[in-house]
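**Q** Attaching a predicted model along with its sequence, questions to come.
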Amino acid sequence: MSRLTVWHDGACPLCRREIGLMQRLDRAGRIAFVDATTGGGACPIDRRDLLARFHAREDGRMLVGAAAFAAMWREIPLLRPLGLAARNRVVLAVLEAGYGRFLRLRPMLQRAARWLDRG
């Protein structure tokens, strides 16, 4: 059984690409990836909240935003150093600030990715 569960937005072209990459890198199958748009798996919180920000459950604890990404990175050998560095409060705060900026740009980036997918 996976010790980490990651919920993602399967309707988002950016998320699909990123999760696809993470699935390929997770060769040991340590992460359970759940598409929050399909209703697959138990939804631990309101689905809208789950889709608004990146969520993961590590050892029974819900993580949100950069902390959830860091937990996922820790399970992937190639990204593990970044995930471990994010245990530092300052590093995590910088990552969270960057994630916040990304969330503001996400709708525009999603539209661009959908347009590229059609082309």
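**A** Everything's here; your move. Numbering: from 1, shown residues only.

**Q** In the longest helix along the chain, which of the residues would be classed as buried?
**A** Of all segments of type helix in the chain, defined using DSSP state H, the longest is helix 89-118. Within helix 89-118, the residues scored as buried using 16 or more other Cβ atoms under 10 Å are Leu92, Leu95, Glu96, Tyr99, Arg106, Gln110, Ala113. For glycine as for every other residue, the C-beta is placed from the backbone atoms N, C-alpha and C.

**Q** Distance of the first one relative to Pro13?
**A** With distances taken as Cβ to Cβ, to the nearest Å, Leu92 is found 27 Å from Pro13.

**Q** what does the last one give?
**A** For Ala113, the distance to Pro13 (Cβ to Cβ) stands at 4 Å.

**Q** Find the nearest non-adjacent residue to Asp9, please.
**A** Cys15 (4.5 Å; Cβ to Cβ, 6 or more residues apart in numbering).

**Q** Model confidence at the one you found, what's the number?
**A** Per-residue pLDDT puts Cys15 at 89.

**Q** can you check the one 4 residues further on too?
**A** pLDDT for Ile19: 95.

**Q** Equivalent analysis for Ala97, please.
**A** 97.

**Q** what's the answer for Ala68, then?
**A** So Ala68 comes in at 97 (pLDDT).

**Q** Summarise which helices and strands the helix or strand hosting it is packed against.
**A** For Ala68, the host element (DSSP states H and E) is helix 66-74. With contacts taken as 3 or more Cβ pairs under 8 Å, 6 or more residues apart in numbering; DSSP states H and E, helix 66-74 sits against strand 4-8, strand 55-58, helix 80-85, helix 89-118.
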